[in-house]
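Visitor: Got a predicted structure plus its sequence, pasted below:
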Amino acid sequence: MELMIDRVSKQYGSKIAVDRISLKLQRGIYGLLGANGAGKTTLMRLLCGILKPTSGSISLDGMDVATEEYRGELGYLPQDFGYYPDFTGEEFLLYMAALKGLNKAEAKRKSAELLELVGLGEMGKKKVRTYSGGMKQRLGIAQALLGEPRLLILDEPTAGLDPKERVRFREVIARWGKENIVLLSTHIVSDIEHIADTILMMKDGQMIHQGPWENQEDLEAFYLERM
């Protein structure tokens, strides 16, 4: 499995949000670091096909980002994920499963399974409006996992999670990254300390570092020096 990002740029007028990025991602967990405005979210939206690159190409095992086949392999949690407050957690996942093309039986089975996986099994029948911020974030992670995505993209997924929830999240993502490609962005180094195989670092729309995790102190110093 291989995600190819070839000289991808995104420009808005005179502002270059993503500047000629080339990457080859294979199975594993990639932690995307960068200050606010570095271009992380724009890059992720490009990888999800939400934005069209100004130049360059993106493909997963030869499938272009603009195709239905590519989208069928994708799971995505945006930073500003929207919920339907009058849906229960279970209804919300069933709705998202229908959008992803799962049949009713499969949608029901996977929704129940994923609610348990993210620790919301007992909350599945309750309205989303009664959920805490951390619970909503966990529901967002669950919907991203619907359809067994081979490419999982998570934008600031640990926002609002308490320490116990973060541990659960790390366990889920570590398991997923063994067989799939996981890209998660954050501006907090400690968020990816335990789970990322590879660190990607952006600044001013450019990729300024790509390499394995060393240790938190050295990486934080490296990060602060370049931000």
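Guide: Arrived safely, thanks for sending.
Visitor: Spit out the contact partners of the residue most central in space within the chain.
Guide: The residue lying closest to the centre of the chain (Cα atoms, centre = their mean) is L154, at 1.4 Å. Applying Cβ atoms under 8 Å, 6 or more residues apart in numbering, we find L154 in contact with 76-77, 141, 144, 173, 182-185. Using the backbone N, CA and C atoms, a C-beta is placed for each residue, glycine as well.
Visitor: And A97, by the same measure?
Guide: 106-107, 110-111, 146-147.
Visitor: same deal with R166?
Guide: Here R166 is in contact with 158, 191 (Cβ under 8 Å, 6+ apart).
Visitor: same deal with I5?
Guide: So I5 contacts 21-25, 47, 56, 58 (Cβ under 8 Å, 6+ apart).
Visitor: ranges for the helices of the chain?
Guide: Applying DSSP state H to the chain gives helices spanning 40-47, 68-72, 89-99, 104-117, 133-144, 163-176, 216-226.
Visitor: just checking, what packs against the first one?
Guide: In terms of contact count using 3 or more Cβ pairs under 8 Å, 6 or more residues apart in numbering; DSSP states H and E, helix 40-47 is assigned the packing partners strand 3-12, strand 15-25, strand 28-33, strand 151-155, strand 181-186.
Visitor: where in this protein is pLDDT low?
Guide: 213-227 (pLDDT under 70).
Visitor: the domain parsing of it - what is it?
Guide: Here the domain parsing of the chain from automatic domain parsing is 1-73+149-227, 81-148.
Visitor: ends of the shortest one, how far apart?
Guide: One end of domain 81-148 sits 19 Å from the other (Cα to Cα, to the nearest Å).
Visitor: How far away from the center of its chain is it?
Guide: Offset of domain 81-148 from its chain centre (Cα atoms, centre = their mean, to the nearest Å): 16 Å.
Visitor: Then the first one?
Guide: Computed by Cα atoms, centre = their mean, the chain-centroid distance of domain 1-73+149-227 equals 7 Å.
Visitor: mind checking how far V65 is from E113?
Guide: 28 Å (Cβ to Cβ, to the nearest Å).
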